[in-house]
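Asker: Show me how the following folds:
(one chain, ligands or ions: 1)
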Amino acid sequence: MSTEENVKIVKDFFAAIGRSDRQAVQALSAEDIEWIIPGEDWPLAGTHRGHEGLADLLQKASEMETSLPKPPEFVAQGDRVLVVGFATGKVKATNRTFEDYFVFAITVRNGKLTNIREYVDTQALARAAEMDASPRPLPAEESWANIVSLRNPDGSLDSFRLEETLPLLTDEQIDAIRPFAEEQEIPARQLVLREGDTELDFLVVLKGAIEFSAARSFGKERTPIVLIPERSFASDLSLLANTPLAADGRTTEATRILRVRHSDFRRLLSAEPDLATVILRAFVLRQSYKLRHDVGAVVLIGKAIDPDIAKLRTFLSRSDYPHKLIEPDAIDQTGKPMLDSYGVHPSDLPAAFIREGCILKKPSVFELASELGLVEKLPSDHVYDLAIAGSGPAGLAAAVSGASEGLDTIVFDALGPGGQAGTSSRIENYLGFPTGLSGQELASRAAVQALKFGVRLVSPRSIDRIVKAGEDFFELTLLDGARVLAKAVVLATGAVYRALDIPEYGRFVGHGIHHAATLMEAQLCVGEDIVIVGGGNSAGQAALYLSKTTAQVHLLVRQKNLSSTMSTYLIERLQASPKVQIYFDTELTALAGHGSLQNVEWRSADGRSWSKPIRNMFVMIGAVPNTEWLKGRVELDSNGYIVTNPVSPFETSQPGVFAVGDVRAGSSKRVAAAVGEGSVVIQYLLHYLAQASSVLTSKKAEAV
Ligand SMILES: Cc1cc2nc3c(=O)[nH]c(=O)nc-3n(C[C@H](O)[C@H](O)[C@H](O)COP(=O)(O)OP(=O)(O)OC[C@H]3O[C@@H](n4cnc5c(N)ncnc54)[C@H](O)[C@@H]3O)c2cc1C
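Answerer: Below you'll find the model as predicted:
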């Protein structure tokens with residue numbers, strides 16, 4: 001159904017409500033419709049479910065006199081329709097008058113309303129209560145702006161999937177939370193959640209509201225972001241990831257809440273899986289809301305082509321941390337005095353503006369992460385059941401499977417969740433995603449799933465050494481010197497790109513030569529010619545993706561054809577694309593440029609040669625395993641891949657240490673295979689843990 005059709009259905013529905021036309025109301029709504037109206041002393045308040053619930057609501061509505069001084073406004077996007085308006089009236093039995101500034105968030109599926117959430121505009125109600133006789137109806141936009149405050153680039157308010165971002169909990173869902181929570185009364189204007197706090201509690205608003213405000217990029221002043229209304233909850237992904245909160249949350253009036261302590265929150269999620277789905281979806285949408293609007297964003301100042309900036313941006317993207325890049329030339333008169341006041345000069349770039357009073361000059365990824373509060377202190381005496389090196393697809397799958405089996409799990413990554421898959425713009429051969437998904441999307445979802453099961457995700461931290469430190473545990477030493485103990489280890493460190501053996505190559509890596517093709521790289525070469533080197537799937541995907549925004553893609557392939565190295569669907573699409581020119585039997589011959597890449601030359605076996613002014617080249621010619629640090633610890637094959645045991649699959653030459661994904665000798669080098677191995681390894685690992693513990697128990701018994 002089109003947006004216009006959905007709006008018409010909603011208009012018809014409300015017209016039928018106005019006429020008390022029960023038949024029409026039922027015909028326009030799904031049988032399992034759910035309509036939640038907040039409030040306590042309001043006759044219509046409560047959760048109204050199904051056609052019976054609607055009949056009951058119509059009955060209650062008929063006991064009131066209601067009028068709309070002005071037609072409500074309908075704002076729609078796809079199957080979601082917002083109705084914003086103002087109603088006045090009185091309850092017939094008591095003669096009590098009311099004014100209601102309302103926002104209904106409605107979902108329409110297959111021509112019927114399935115879901116209505118009313119967001120009561122508590123601020124407007126409070127204002128109305130203070131006013132006598134004739135309250136001033138709020139303009140619709142203003143009323144709506146009391147719930148969400150952030151604007152899209154076109155100036156409209158961002159209400160994208162509002163009913164899922166700010167879900168209103170049903171009576172039953174609130175009752176399900178009560179055993180895990182304590183009820184508290186909080187005075188008006190009190191700070192209940194503070195920017196920078198970790199170990200957050202989960203707060204459900206029963207009465208009143210909590211407003212969140214944050215400083216937005218470069219801003220000194222806090223701006224309101226969102227109002228958490230009655231029946232919704234205040235918290236976001238920081239609660240699960242245990243990272244610092246990006247905004248302050250303050251009560252707008254005397255507010256009653258249910259407080260679930262941080263330590264009890266996971267118990268609630270495991271005990272109430274349906275509720276957990278609602279909460280996690282809201283957390284993910286809130287994160288995307290923050291990313292869209294740079295809420296609590298780090299501002300990086302530097303040139304996009306600077307490899308140091310690229311590293312910082314990759315880390316922040318992988319950590320789903322809001323950030324924004326400002327090129328030095330783009331700093332206007334508002335930004336310049338501020339940089340001067342911090343003593344930041346061109347030679348100090350790249351710089352990272354974290355918050356008012358805190359700017360980092362030339363930070364490393366680790367320094368930036370530390371300043372953002374993302375580097376936690378690790379417990380040196382705690383023994384984890386499972387430590388995983390690498391959070392690419394294989395490591396994340398092992399983490400989710402391990403933790404869901406009850407293993408106390410910690411995962412380390414040198415950069416952040418995603419691995420090689422995180423550098424792919426579109427993965428189309430992963431089961432269940434017919435339209436494909438980006439590697440970063442896959443990793444972000446998997447990371448949330450891991451957090452839900454209680455996995456501790458730690459980045460940017462590299463593991464440098466593993467030694468067997470006791471009878472039943474290993475000691476892992478990180479590059480920064482921290483140590484962690486674990487009963488079993490999974491190595492999922494994947495691989496890194498192979499470089500080309502050509503003069504000057506190293507000088508241009510990060511200065512025009514790239515090994516990933518994500519949105520970040522695509523932005524660097526809009527409207528220009530580019531070169532891609534490679535004949536595998538990653539080169540083919542990059543060519544298709546980048547051809548959308550570049551002038552011409554020159555794809556250099558060493559072989560005489562692509563049939564043995566690239567999937568057929570990619571070959572067909574490349575051949576059909578007028579913007580991709582394939583050069584077979586061809587080699588790169590020279591690179592040139594001052595500071596960054598400016599010219600590329602190549603030659604084919606039949607003697608033809610080309611020289612073109614190219615500023616961006618993508619090299620995708622396979623990878624080498626990340627195992628340098630494992631030499632002498634576990635058996636590696638002649639190419640450096642980890643050898644695993646055919647009898648106890650995935651186990652390395654060191655019992656208790658397993659290897660999965662691309663880093664394992666003989667693996668398939670595909671996302672699905674990495675995910676499969678990461679999931680299956682847990683079965684063998686549980687067997688190892690059970691055996692190790694029984695050996696230990698019998699040794700202890702013998703000693704007694
Ligand atoms: C551009 C591109 C496109 C691709 N497209 C597809 C596709 O469409 N379909 C498909 O099936 N496959 C695709 N692949 C292949 C796929 O991405 C890999 O097979 C998959 O990512 C392997 O997963 P992994 O978890 O084993 O390793 P990786 O993804 O390589 O992850 C390893 C992780 O370990 C971390 N790490 C390394 N050393 C350490 C250390 N010492 N301590 C801590 N952390 C460490 C790294 O930072 C990294 O995050 C593509 C690959 C690329 C590069």
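Asker: What sits closest to Ala590 if chain neighbours are left out?
Answerer: Leaving aside its chain neighbours, Ala590 sits nearest to Glu601 (4.2 Å; criterion: Cβ to Cβ, 6 or more residues apart in numbering). For the C-beta atoms, the positions are set from N, CA and C on the backbone; glycine is no exception.
Asker: so is the one you found in a helix, a strand, or just coil?
Answerer: Glu601 falls in the strand class when you classify it by DSSP: H, G, I helix; E, B strand; the rest coil.
Asker: Just confirm it contacts Ser609, I think it does.
Answerer: Yes. Checked against Cβ atoms under 8 Å, the pair Glu601 and Ser609 is within contact range at 6.7 Å.
Asker: so what's in contact with the two at the same time?
Answerer: The contact sets of Glu601 and Ser609 overlap at Thr589 (Cβ atoms under 8 Å, 6 or more residues apart in numbering).
Asker: Tell me which of these two has more neighbours.
Answerer: Glu601 (15 against 11; other Cβ atoms under 10 Å).
Asker: Find me the pLDDT at the more buried one, would you?
Answerer: Note for Glu601: predicted pLDDT of 97.
Asker: give the contact list for it.
Answerer: By Cβ under 8 Å, 6+ apart, the residues touching Glu601 are 588-592, 609-612.
Asker: hmm, which of those are the buried ones?
Answerer: By neighbour count, with 16 or more other Cβ atoms under 10 Å, those hold 588, 591, 610 as buried.
Asker: Tell me where the model's unsure across this structure.
Answerer: By pLDDT under 70, the low-scoring segments of the chain are 120-146, 216-220, 332-335, 337-338, 696, 699-700, 703-704.
Asker: Return the longest strand in it, judged by number of residues.
Answerer: strand 96-109 (DSSP state E).
Asker: then that strand to PDB, C-alphas only?
Answerer: As requested, the backbone C-alpha atoms of strand 96-109 are provided in PDB (Å, rounded to 0.1, in the frame of the first residue of the first chain):
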ATOM      1  CA  ARG A  96     -15.000  17.200  34.400                       C
ATOM      2  CA  THR A  97     -13.400  19.100  31.500                       C
ATOM      3  CA  PHE A  98     -10.200  18.100  29.700                       C
ATOM      4  CA  GLU A  99      -7.800  19.300  27.000                       C
ATOM      5  CA  ASP A 100      -5.700  16.600  25.300                       C
ATOM      6  CA  TYR A 101      -2.700  17.400  23.100                       C
ATOM      7  CA  PHE A 102      -2.200  14.100  21.400                       C
ATOM      8  CA  VAL A 103       0.200  12.300  19.100                       C
ATOM      9  CA  PHE A 104      -0.900   8.900  17.900                       C
ATOM     10  CA  ALA A 105       1.800   6.700  16.300                       C
ATOM     11  CA  ILE A 106       0.100   4.200  14.100                       C
ATOM     12  CA  THR A 107       1.200   1.200  12.100                       C
ATOM     13  CA  VAL A 108      -0.900   0.100   9.100                       C
ATOM     14  CA  ARG A 109      -0.400  -3.300   7.600                       C
END
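Asker: what lines up beside it in the sheet?
Answerer: Note on strand 96-109: by DSSP bridges, its sheet partners are strand 80-91 (antiparallel), strand 112-120 (antiparallel).
Asker: Highest mean neighbour count across those, which stretch is it?
Answerer: Ranked by mean neighbour count, the strands paired with strand 96-109 are led by strand 112-120 with a mean of 22 (mean count of other Cβ atoms under 10 Å).
Asker: from the chain's centre, how far out does it sit?
Answerer: Relative to its chain's centre, strand 112-120 lies at 26 Å (Cα atoms, centre = their mean, to the nearest Å).
Asker: Mind listing residues that contact that strand?
Answerer: By Cβ under 8 Å, 6+ apart, strand 112-120 touches 9-10, 13, 28-30, 32-39, 100-108, 147, 162-163, 166-168, 229-230.
Asker: Please apply the same query to stretch 415-422.
Answerer: Contacting residues not belonging to stretch 415-422 are listed as 314-315, 317-319, 365, 390-396, 413, 427, 439-440, 442-444, 446-447, 457, 459-460, 494-495, 518, 623, 661-662, 671, 674 [Cβ under 8 Å, 6+ apart].
Asker: count of neighbours near the residue in the stretch 101-250 of the chain that the ligand sits nearest to?
Answerer: Closest residue of the stretch 101-250 of the chain to the ligand, Cβ to the nearest ligand atom: Ala241 (16.8 Å). By other Cβ under 10 Å, 20 other residues sit near Ala241.
Asker: Pretty sure Leu451 is one of the things it touches, is it not?
Answerer: Yes. Using Cβ under 8 Å, Ala241 is in contact with Leu451, at 5.7 Å.
Asker: Spell out which residues are contacts of both of the two.
Answerer: With Cβ under 8 Å, 6+ apart, Ala241 and Leu451 have common neighbours Leu457.
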